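Student: here's a sequence, model it:
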Amino acid sequence: MAAPLPPEAVKIRAEPSAVDPDACKFVVSHTVHPGGPFFFDRLEKAQGSPLIEALFQLSGIKSVLVSDNVVTVGKAREANWALLLKPIGATIRAKVASGEPCVVVTEALRAGDLTDPELKVAIQELIDREINPGVAGHGGKIHVEDVRDGVLFIRMEGGCQGCSSSTVTLRQGVETAVKKAMREIRDIVDVTDHAAGSNPYYRRGEA
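Tutor: I've put the predicted structure just below:
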């Protein structure tokens, strides 16, 4: 058990998903639980994990994904973020400040493979944390298009689209980070239309 913190010492930034209106990422100034991702899609799976149990008590919460200092919450379609953001933030702040473990990793949780939709959320969070801050300096961003049967499909946007360094970013950045963290991923496919980029490194028709 860690030492308790003053609640005001725990800073939280909410980042609504640009691609999924029912998902919101809460970036916390302190570690929520090291490692991960750990995905919870029902209260039964959350038994013994104080933070997750408390979040599922909020009306409209459908899923929670925890990875290091990031908590990604999924809501029911009919639920309203305007009514959920403050209670979610307050719940995370209280549990992190308490010093008690927020997540208890049971054998069932450790052994369970993530489904394709769960992997999509987890990998986007991983890329946002470890890859996108670097490529943002060049005006780029990497988006997870889909995950199907162990294959990750990504799309590069902005300065990454048509950039001659995109292959290096894919192989040395995305592939290394994703395959290290997600044993379920066996291949990565870049679906970007690089020829449509502002400075394409190859053009349609070229070999």
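Student: count of neighbours near Met182?
Tutor: Neighbour count for Met182, taken as other C-beta atoms under 10 Å: 19. Placement of C-beta: from N, CA and C, glycine included.
Student: same check, this time on Cys24
Tutor: 19.
Student: counting contacts, what elements does the helix or strand hosting it pack onto?
Tutor: Taking DSSP states H and E as the definition, Cys24 sits inside strand 23-28. Packing partners of strand 23-28 (3 or more C-beta pairs under 8 Å, 6 or more residues apart in numbering; DSSP states H and E): strand 12-16, strand 70-75, helix 81-98, helix 116-130.
Student: that strand pairs with which strands, and in what direction?
Tutor: According to DSSP bridges, strand 23-28 forms sheet pairs with strand 12-16 (antiparallel), strand 70-75 (antiparallel).
Student: among these, which is nearest Ile154?
Tutor: Proximity to Ile154 (C-beta to C-beta) singles out strand 70-75 among the strands paired with strand 23-28, at 18.0 Å.
Student: with just CA atoms, put the closest one into CSV.
Tutor: Written as CSV, here are the backbone C-alpha positions of strand 70-75 (Å, rounded to 0.1, in the frame of the first residue of the first chain):
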residue,chain,number,x,y,z
VAL,A,70,-4.5,6.2,-17.9
VAL,A,71,-8.1,5.1,-17.3
THR,A,72,-10.3,4.8,-20.4
VAL,A,73,-14.0,4.6,-19.6
GLY,A,74,-16.7,3.5,-22.0
LYS,A,75,-20.3,4.5,-21.5
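Student: what angle separates it from helix 81-98?
Tutor: In terms of direction (axes from the mean of the first three to the mean of the last three C-alpha atoms, to 10 degrees), strand 70-75 departs from helix 81-98 by 140 degrees.
Student: for strand 70-75, what is the distance to the chain centroid?
Tutor: Chain-centre distance of strand 70-75: 8 Å, with C-alpha atoms, centre = their mean, to the nearest Å.
Student: what does it contact?
Tutor: By C-beta atoms under 8 Å, 6 or more residues apart in numbering, the residues outside strand 70-75 that reach it are 20, 22-28, 32, 51, 55, 60-66, 81, 84, 88, 92, 121, 125, 129.
Student: give me the distance between Glu118 and Ala9.
Tutor: Going from Glu118 to Ala9 by C-beta to C-beta, to the nearest Å gives 31 Å.
Student: pick out whichever of the two has more residues nearby.
Tutor: Glu118 (20 against 12).
Student: right, and the more buried one touches Gly36 too?
Tutor: No: contact between Glu118 and Gly36 fails when scored by C-beta atoms under 8 Å: they sit 11.6 Å apart.
Student: circling back to that earlier point, off-centre distance for the strand holding Cys24?
Tutor: With C-alpha atoms, centre = their mean as the basis, the mean position of strand 23-28 lies at 8 Å from the chain mean.
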